[in-house]
Structure formats: structure tokens, C-alpha cells
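Trainee: need the 3D shape of this:
(chains A and B)
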Amino acid sequence: MPAFTIRSLDKIYPGAPPVRALSNISFSVEEGEFIVLLGPSGCGKSTLLEILAGLQQPSGGSVLFRDKPINGPGGELGVVFQDASLYPWRTVAANVGLGLELRGVDKKQARRLVEEQLSLVGLDGFGGKFPHQISGGMKQRVGIARALVNDPDVILMDEPFGAVDYVTRNRLQEDLIRIWQQRRKTIVFVTHDVGEAVFLADRIVLLSPPPGRIAEIVTLDLPRPRRRGDIELLQREARIYEALRALEPAATATVA
Amino acid sequence: MSVESIETVVDVQTNDKESRATLRSLAAKLPWIAIVQVLVVAAILLAVQIAVDSGAVKRIYLASPTQILAAFPQLFTRENLLFHLSVTLAEAGVGVALSAILGIATGIAMGLLPKVHQFLNPFLIWFMAIPKVTIIPLLTLYLGLGFEHKVFIIFLFCYFLFVFNTIAGIKQVQDNHIKVARTLGANQRQIIWKVVLPSATPSIVAAVRIEAATCLLATLFAEIVASKAGVGNLLNKLSGIYDTAGVFALVILVTSIALLIIYLVDLLERRVLLKWKYV
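Mentor: Numbers count the residues shown, from 1 in each chain, chains lettered A, B, ... in the order given. So this is what the prediction gives:
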């Protein structure tokens, strides 16, 4: 049974004129798989992720999570947001523990679970800090720890490393792979960074510019751990860049 | 001139240069702005003292610093200041607390429920626009000269800012913060308590900060207009008998209390309400 089954999904935002964000999207996400949704900005990849999270409703087609329709967000999935979206009035530990607090997990156990997640993302001893006291990369680590705290099988990530510097991003990618392998999670990861996609993904779902539709699904059967700069990785990257260029609207293509 | 004496001259010059340099660095370390501030205040006080003592300014208009100092003990003994002060502070405290509780509650209801906002907003704006002074005679008629009258006037001064700042704070809540809570399984009530209200807190605290000073102003205003007791009442009495030194002493006292209140609110903000901002 796949984790997600998406069949002829459409998303149209009402208005005058209505905006078609996603069109006829069909694919499935297997358990334990690392899927990357890749595409230019405005292609609807974040919308697709929010539909998977239950934060938005599809306009047509169906989305199943383990063969059941998604019925609003329910805490079964962990979601990591673009800007970490930590609560500035809570300490790092209290941010990570939010999910446990909402479920009414007893305090002692909650403290232990929070420590565990912080240690997993490499933030031992930072529990007492407030978000404004830590760096952007650390904030994203807290965001990941917060998504992991309820031990969801599936984690959805919306361009989580888009706002951090290059070196930090590489470290975060490597740590994410380690966490994914240790905890045997299913991950759906949105990015517009081709290098990031090739480094992380089992499969890449390539979305076309608006209205977003699937241009191609690329399977990356490359061994792990992957090494940056590996010739095979770079070849895949080049092929995806080519595919992306082919997707560009004709006008831009002739100018380029 | 002998060689020796030339050397001494050079020596003196270098010494002079060095001592000038140390003087300069010493001068740079002195808190000049504070020194000048103190000097300005001292000069004004001295000028007032001389002007009043020499009879250049009549005692009805101005009191000298020494006269004002002398007036303080008299306020406590002859005028029963502690009683008046307790009346004023009780009115201000109850008035502002009532405004805060009802104002924040109204603000939460209006911020969360668009229909409530739509219904109440015109009424609130209308009430807020009433120039307070015009309805005081009516309020005196309805509520008398005592405690309830003051509390109501303070309420009119303070309530609306609590309402509108609470609404503004609730509007500031970030969409993504709510999404985070929803994906972690929060229900509506949890979203309000754990996301919306904490997001609104800085804006509500800003209202508390302003109202801390406003409530004292409102109390004194109400007491001066119509009252049986309180610092404003005492102020009326003293100015009625041309006790200018007493009036100045009261003004200084009330100012000090206002400063103390602002300091305490500041402390409350830094240590409790918005502690996270100051670490």
C-alpha cells in the first residue's frame, strides 16, 4: 500500500478569472520513499504539499493517505515549513514539544521526547534558547525536530533549506538523509534547487510552470551515501536542467 | 641661554603635552550630558528661589523650591494626603483593571468572530468619539460624586484602546503559525490559546503600557471636575485657598507616582509578559 495515492488532482483558486494552480496530477508515494517535488516558482508545488498535509482541499480528483481520503490536518504527518515558523515566545524546547502538549502527553515523558529530538537534529543543550537567539540553520533544525516529535511516518517539507547559506544547507541535507535512514520515514520534499533534489531524492516529480502539471518523474537509483560532485550526480543534474529549460515558455526561451 | 635651560624648557613642554592628553582622556570619560542636565535643573531651581524670595514673582503664582519642600509634611499632617492618595489609587486601579478585563475580552470576541466585529464596531467608534467632558454632568447625576463615577470615567478613557489593540494583535497572528498548530493536530480552542493569544500579547502589552499612565490622568481629571475626595479633590482645595506651594508639591508627587507606575509596568513587561523578547 502506497503512503499517498494521487489521482487526476486539480486545484483551482476561485476568482475572476479563476486561477488553475494544479492540473491532472497523478502519482503515488511509496512508504519509506524520499520524493522531491521540483519545479520553477509558481508551479504549484507548495500547494500540492499543502493538499497532502490536509491544509488545502483539492478541487478535483482524489488524494488518498494509506487508501483513505485526507480529512484535514490531523497530526499524523509532520510538516516542516519554509521559514521554520517557530513561535518566538516559546523556547526551542517548548517549540519542539508543541505537538506533545497539544496531545496532552505527560510532562516528564514530553521532556524526554523533546531531548531525544533535539539530540537527533544536533541541538543538544539549546532547549532553553529562544528562536531569536539561534541561527537560521538551527531554526530549521528546530522545525524538523518539532515535526518529528509526534513520531509521524511521513514528513512533508516545503523548501525547508531555501533561506540558509550554501554550507549550512549542505550540512542540513546530509543530516536529513541520516535522520530519514535512521527513522525510516517517508519524506515529500519541495524545492526549486536541482542540486538539492538530485542529492536527496529517490524519485523527482518534475512540475511544469503554471498551471502545474507533471512534466516527468525521474527515478534516481543512485547508491547512498551520495557524494556531491560525483560525475553521475552531475549528469543527472544536467539532464534535469535540460528538461526544465524545455518547460520554459517559448518567449523566455528565445530571449535566452 | 645655556644648554641646560633649553632642555628644561623642552622637558616642561613634553610634560605639559602629556598632562593635557590625560586631561583630555579624563574629560572624555566624564558624563557630560548628565552633568549639564543637572546644571540646567539646578539653575532653574535657583532662579525660581531667587525670583520668589526677592519678591519679583508673587507667591500666588510661584513657590520656591524650599517652600515646596516645606509643604510636603503639611500635606501629610494637615491635609490627610494618605487618605486622598488611597482613594485616587483605588479608583485608578479598579478603573484600569475593569477596562483591561472587559476591553481585552471584547477585543478577543471581535478579533475572532467577524460577525461580532461587524456588529460592535460602529457602537464602539461612536462611544469612543464622545468628548468625555461633555457627559460628566450627566454621569454625576446618574452616579453621584464618588467611586462609581470615577471608575466609569476611567473606563471611558481606557476601555477602547484595550479593545482595538487586542483586535490589532489578533490580526497580527501569522498564517504559518496557525498552520503549524493545525498540522500538529491542534483544535480550534488550542489554536486560540496557544497561537492567537500569545501572538496578540505584544500589542496588548503596548496598551497596558499606555493605559498605566492614562488611568491616573483620567482619575485626576474626574476628581478635579467633580469629587468628594482624592488627590484631584485636594488639588482643587489647595488652589482654592491659593496654597501654591502645596499645589506644586502635589504635582511633583503625582508625577513621581506616574513615573513609578511606568517603571513597574516596564518591569512586568521585561520579567513576565514579554520576557522572551529581552533574553
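Trainee: for stretch A:49-69, buried residues please.
Mentor: A:49-56, A:58-59, A:61, A:63-65 (16 or more other CB atoms under 10 Å in any protein chain shown). Placement of C-beta: from N, CA and C, glycine included.
Trainee: got it, and stretch B:61-70?
Mentor: B:62, B:63, B:64, B:67, B:68.
Trainee: just the residues you listed now: which is nearest chain A?
Mentor: residue B:68 (45.9 Å; CB to the nearest CB).
Trainee: my guess is that closest one contacts residue B:251. True?
Mentor: No: applying CB atoms under 8 Å, one finds residue B:68 not in contact with residue B:251, separated by 9.3 Å.
Trainee: coming back round to it: in strands, which of the buried residues of stretch A:49-69 fall?
Mentor: Among those, the members falling in strands (DSSP state E) are A:61, A:63, A:64, A:65.
Trainee: got TSV for these, with pLDDT and distance to residue B:228 too?
Mentor: TSV is the format used below for these (pLDDT from 0 to 100; distance: CB to CB, whole Å):
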residue	pLDDT	distance to residue B:228
A:61	92	76
A:63	94	72
A:64	94	75
A:65	94	71
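Trainee: just curious, which of the residues you listed is nearest to residue B:126?
Mentor: residue A:63 (49.5 Å; CB to CB).
Trainee: and the closest one, how far is that from chain B?
Mentor: 16 Å (CB to the nearest CB, to the nearest Å).
Trainee: so who does that residue touch?
Mentor: A:4, A:5, A:6, A:7, A:9, A:51, A:52, A:69, A:70 (CB atoms under 8 Å, 6 or more residues apart in numbering or on different chains).
Trainee: what is the burial count for residue B:253?
Mentor: By the criterion of other CB atoms under 10 Å in any protein chain shown, residue B:253 has 15 neighbours.
Trainee: equivalent analysis for residue A:14, please.
Mentor: 8.
Trainee: okay, domains of the chain per the record?
Mentor: I'll assume chain A. A:1-76+A:154-227, A:82-151 (automatic domain parsing).
Trainee: meant chain B, my bad for not saying
Mentor: B:3-53, B:70-278.
Trainee: helices along the chain, start to end?
Mentor: In the absence of a named chain, chain A is used. A:45-53, A:92-96, A:98-103, A:107-120, A:136-148, A:166-183, A:194-200, A:231-247, A:250-255 (DSSP state H).
Trainee: please go with chain B instead
Mentor: All helices of chain B, identified by DSSP H, fall at B:3-29, B:32-53, B:65-77, B:81-112, B:114-129, B:132-143, B:147-171, B:175-183, B:188-191, B:197-225, B:231-240, B:244-268.
Trainee: near residue B:138, how many other residues are there?
Mentor: Residues within reach of residue B:138, counting by other CB under 10 Å, total 9.
Trainee: and for residue A:45?
Mentor: Counted with other CB under 10 Å, residue A:45 comes out at 27.
Trainee: am I right that it is in contact with residue A:212?
Mentor: Yes: applying CB under 8 Å, one finds residue A:45 in contact with residue A:212, separated by 6.9 Å.
Trainee: spell out which residues of the stretch 51-200 of chain A are next to chain B.
Mentor: Residues of the stretch 51-200 of chain A lying near chain B by CB under 8 Å from any CB of the partner chain: A:53-55, A:72-75, A:77-79, A:81-83, A:85, A:87-91, A:98-99, A:101-103, A:130, A:132-133, A:146-147, A:150.
Trainee: are any of these buried, and which?
Mentor: Going by neighbour count (16+ other CB under 10 Å), those have A:53-55, A:73, A:75, A:77-79, A:81-83, A:85, A:87, A:89-91, A:98-99, A:101-102, A:130, A:146-147, A:150 buried.
Trainee: let's check: the centremost residue of the chain is which one?
Mentor: Since you didn't name a chain, this refers to chain A. residue A:157 (2.0 Å; CA atoms, centre = their mean).
Trainee: meant chain B actually
Mentor: Among the residues of chain B, the one closest to the centroid is residue B:213, at 3.5 Å (CA atoms, centre = their mean).
Trainee: residues contacting that residue?
Mentor: Here residue B:213 is in contact with B:258, B:261, B:262 (criterion: CB under 8 Å, 6+ apart).
Trainee: adding mean pLDDT, write the helices of chain B out as JSON lines.
Mentor: Shown next, in JSON lines, are those (pLDDT from 0 to 100):
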{"stretch": "helix B:3-29", "mean pLDDT": "68"}
{"stretch": "helix B:32-53", "mean pLDDT": "94"}
{"stretch": "helix B:65-77", "mean pLDDT": "93"}
{"stretch": "helix B:81-112", "mean pLDDT": "96"}
{"stretch": "helix B:114-129", "mean pLDDT": "95"}
{"stretch": "helix B:132-143", "mean pLDDT": "90"}
{"stretch": "helix B:147-171", "mean pLDDT": "96"}
{"stretch": "helix B:175-183", "mean pLDDT": "94"}
{"stretch": "helix B:188-191", "mean pLDDT": "95"}
{"stretch": "helix B:197-225", "mean pLDDT": "94"}
{"stretch": "helix B:231-240", "mean pLDDT": "95"}
{"stretch": "helix B:244-268", "mean pLDDT": "94"}
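Trainee: quickly compare those and say which is most buried.
Mentor: Sort the helices of chain B by mean neighbour count, taking mean count of other CB atoms under 10 Å in any protein chain shown, and helix B:147-171 sits at the top with a mean of 22.
Trainee: and it, what does it pack against?
Mentor: helix B:81-112, helix B:114-129, helix B:132-143, helix B:197-225 (3 or more CB pairs under 8 Å, 6 or more residues apart in numbering or on different chains; DSSP states H and E).
Trainee: and these: which comes nearest residue B:179?
Mentor: helix B:197-225 (13.3 Å).
Trainee: run the angle between the closest one and helix B:175-183 for me.
Mentor: If you take axes from the mean of the first three to the mean of the last three CA atoms, to 10 degrees, helix B:197-225 sits at 120 degrees to helix B:175-183.
Trainee: so how far is helix B:197-225 from its chain's centroid?
Mentor: 9 Å (CA atoms, centre = their mean, to the nearest Å).
Trainee: do stretch B:86-93 as well
Mentor: Here the centre of stretch B:86-93 is set off from its chain's centre by 15 Å, with CA atoms, centre = their mean.
Trainee: so which residue of chain A comes closest to chain B?
Mentor: residue A:75 (2.6 Å).
Trainee: which residue packs closest to that residue, ignoring adjacent ones?
Mentor: By the measure of CB to CB, 6 or more residues apart in numbering or on different chains, the closest residue to residue A:75 outside its immediate chain neighbours is residue B:185, 2.6 Å from it.
Trainee: so what's the residue count around the one you found?
Mentor: For residue B:185, the count of nearby residues is 17 (other CB under 10 Å).
Trainee: kindly report the same for residue A:227.
Mentor: Neighbours of residue A:227 (other CB under 10 Å): 12.
Trainee: next, residue A:124: phi, psi?
Mentor: phi -50, psi 130 (degrees, to the nearest 10).
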